[in-house]
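J.: Okay, predicted coordinates and the sequence, questions at the end:
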Amino acid sequence: HYYLDFLVHANPIYTYVLVIISTMLFQFIFLLLITTLTFCTLIRHTKMSKKTRTNNPPGPPGLPFIGNLLQFDKAKPHIYLFHLAKKYGPLAFLKHGSTPILVVSSPRMAKLVLKNHDLAFCSRPPVLGQQKLAYDGIDMAFSPYNHHYKAMRKVCVLHLFSPKQVHYFRPVREDEICRMISKISGLVNLSDVAMSLASNLICRVAFGRRYDEDEFEKMRFDRLVIEAQALMVSFYFSDHFPAVGWLDKVSGLLGRLRKNCKELDVFYEQLIDEHLNPARQTPAGRQDIIDLMIQLKDQNTSSLDLSWDHIKALLMNLFVAGTDTVAAAVIWAMTGLMLNPAVMKKAQTEIRQFIGEKGKVDEDDIKNLPYLKAVVLETLRLYPPAPLLFRTQILDEDCVVDGYKIKPGTSVIINGWAIGRDPETWQDPEEFQPERFMTSNGGVVDVSDKTGEFEMIPFGGGRRGCPGMGMGLISAELALANLLYSFDWALPAVAPGSNAQDVIDTVALPGLTTHKKSPLLLVATTPA
């Protein structure tokens, strides 16, 4: 009462000063209250973390609510996790928002997760972008582990990527690689050449025609695939902060995702309609994967009632998740060879001495080129096309891994890039040495000897190992063999005193598949 009376009768200047003081006092009290609440929250969070983390592997401390999200290097996640393992060990713990994450970085731990506890960790984390592009998870690559997944995998293993089918598509691979070789001369962007090869291989195997000759269709195909790959690895609030999932819509990301899904669906529909057309002409009556899937749908002989959406979801796996793995393997192999000229020379000598004047390398020749096969294996060890594997714990109870209790719903990241460079497994792990895959009698080790012990996991492992491994491996080996047989390779004109290490980098782009950030530019000349 007295304060108000004073304000009414006092000098206006005093009134103004008192109002300012009152406002500042209110702001101080407000800030003090907020600071106190924040401090109490931090203390409570720290106590809870200490209490609960006794059952978790070691890991970096995180912030309330967001966990370790700000620490995570999204541009180079496999390298960030590699250094994380050096500090915290081969089993580390992170938290992204509400999602607990187990990071696996050694062969021994990978074997525990992917073999000893395979059933607990054989599912995929439900990532919004991947689920939407996979027609709500009815594909094979991104589907949760359930009856549907097992039926889809059976379709792929027995009908689409069986050894018989891999052999059936041999003429396609040999023809596409011959076309690639015929277009190479002088200064070459080998990254573009390898990507074009991989796209045409997938297109011909999947739906029977090339997209390289129709510039408009090629641009459309590339645009759709590139956008889908970006959306698959984008950050969605819905995945880590479900309560604010609406921010995905506000940011425009959800709109982009829906647009890409719709455009891809139209693309798949056109391909299926073409294959259902009775007047469709097929080269020499050859079937492609869409033909095979339509047959399976009509015959209804599988344990899965195949629908058109199932077929579209499998096409997505081929186009979006499988298009560039062969390209990445070829590009990284040539990168490793250019950085190691003695290895390049040894591989070329083996190939040229065996092939002689025949003019090209056929698939039947590959089994007689052990050093070439060792080069490819060394490439897959050092530069796995998919450096990170993702799983989730699906049991109804804790799963004990190396003494730690891993709770249901925990996401798992297996760092294949780090596993291939584990110093306890590999001597001189950073060196490109194909000889490590050669046997004492001059042969090459069986890749299953290494992948079975999880010393390298370029094709995944356990119940979710890649069923297309056979087709991908022979495609990369055949492409590389013909590149080395047909041409001598050199760097473009560089500054005096420079060498390959100064010109060629090994920085990778982020994504499901690791591609070189800088294109591989080389000069190709026909050997004398």
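T.: On my side now, so go ahead.
J.: what are the ranges of the helices in the stretch 101-250 of the chain?
T.: Assigned by DSSP state H, counting those that start in this stretch, the helices in the stretch 101-250 of the chain fall at 107-111, 128-133, 147-155, 163-168, 170-182, 190-207, 215-232, 237-240, 247-250.
J.: Outside of the fourth one itself, list whatever touches it.
T.: Outside helix 163-168, the residues within contact range by CB atoms under 8 Å, 6 or more residues apart in numbering are 159, 292, 470, 471, 474. C-beta: built from backbone N, CA, C; applies to glycine.
J.: Let's verify the fourth one: helix, strand, or coil?
T.: Secondary structure, DSSP: H, G, I helix; E, B strand; the rest coil: residue 471 is helix.
J.: picking up where we left off before, can you tell me which of the contacts of helix 163-168 comes closest to residue 354?
T.: Closest to residue 354 out of those is residue 474 (17.0 Å), distances taken as CB to CB.
J.: which ones are touching the closest one?
T.: Per CB under 8 Å, 6+ apart, neighbours of residue 474: 166, 173, 363, 366.
J.: what about the helix or strand harbouring it, distance to the chain center?
T.: Per DSSP states H and E: residue 474 is located in helix 469-486. Per CA atoms, centre = their mean, to the nearest Å, the displacement of helix 469-486 from the mean C-alpha position of its chain is 20 Å.
J.: Give me the sheet partners of whichever helix or strand comes after it and which way each runs.
T.: Once the chain leaves helix 469-486, the next helix or strand it forms, by DSSP H and E, is strand 488-490. Strands that pair with strand 488-490, judged by DSSP bridges, come out as strand 521-525 (antiparallel).
J.: Flag every buried residue along the partner strand.
T.: Going by neighbour count (16 or more other CB atoms under 10 Å), the buried part of strand 521-525 is 522, 524.
J.: avg pLDDT for it?
T.: Averaged over strand 521-525, pLDDT sits at 95.
J.: end-to-end on stretch 480-492?
T.: 20 Å (CA to CA, to the nearest Å).
J.: which residues are contacting that stretch?
T.: Counting by CB under 8 Å, 6+ apart, 177-178, 180-181, 184, 187, 330, 333-334, 337-338, 344, 347-348, 351-352, 355, 360-361, 365-366, 369, 372, 375-376, 500, 503-504, 521-527 sit against stretch 480-492.
J.: next one: stretch 422-433
T.: Residues contacting stretch 422-433 (CB under 8 Å, 6+ apart): 105-107, 336, 339-340, 343, 378, 381-382, 419-421, 436, 455.
J.: For the stretch 251-400 of the chain, which segments count as helices?
T.: In the stretch 251-400 of the chain, the helices defined using DSSP H, counting those that start in this stretch lie at 253-276, 289-299, 308-316, 325-339, 341-355, 363-366, 370-382.
J.: Need the CA coordinates for the fourth one. CSV is fine.
T.: Included here for helix 325-339 are C-alpha records, laid out as CSV according to Å, rounded to 0.1, in the frame of the first residue of the first chain:
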residue,chain,number,x,y,z
THR,A,325,28.2,-51.3,-53.2
VAL,A,326,29.9,-52.8,-56.3
ALA,A,327,31.0,-49.3,-57.4
ALA,A,328,32.4,-48.5,-54.0
ALA,A,329,34.4,-51.7,-53.9
VAL,A,330,35.9,-51.0,-57.4
ILE,A,331,36.7,-47.4,-56.6
TRP,A,332,38.4,-48.2,-53.3
ALA,A,333,40.3,-51.1,-54.8
MET,A,334,41.8,-48.8,-57.5
THR,A,335,42.5,-46.2,-54.8
GLY,A,336,44.5,-48.7,-52.8
LEU,A,337,46.3,-49.9,-55.9
MET,A,338,47.3,-46.4,-57.0
LEU,A,339,48.6,-45.7,-53.5
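J.: Could you name the helices and strands sitting against that helix?
T.: In terms of contacts (3 or more CB pairs under 8 Å, 6 or more residues apart in numbering; DSSP states H and E), helix 325-339 is packed against helix 190-207, helix 341-355, helix 370-382, helix 469-486, strand 488-490, helix 500-503.
J.: Residue 100 - nearest residue in space that isn't next to it in sequence?
T.: Closest residue to residue 100 apart from its sequence neighbours, by CB to CB, 6 or more residues apart in numbering: residue 410 at 4.7 Å.
J.: what are the phi and psi angles of the one you found?
T.: When read as degrees, to the nearest 10, the backbone of residue 410 gives phi -70, psi 130.
J.: who touches it in this structure?
T.: Residues counted as contacts of residue 410 (CB under 8 Å, 6+ apart) are 100, 101, 102, 392, 393.
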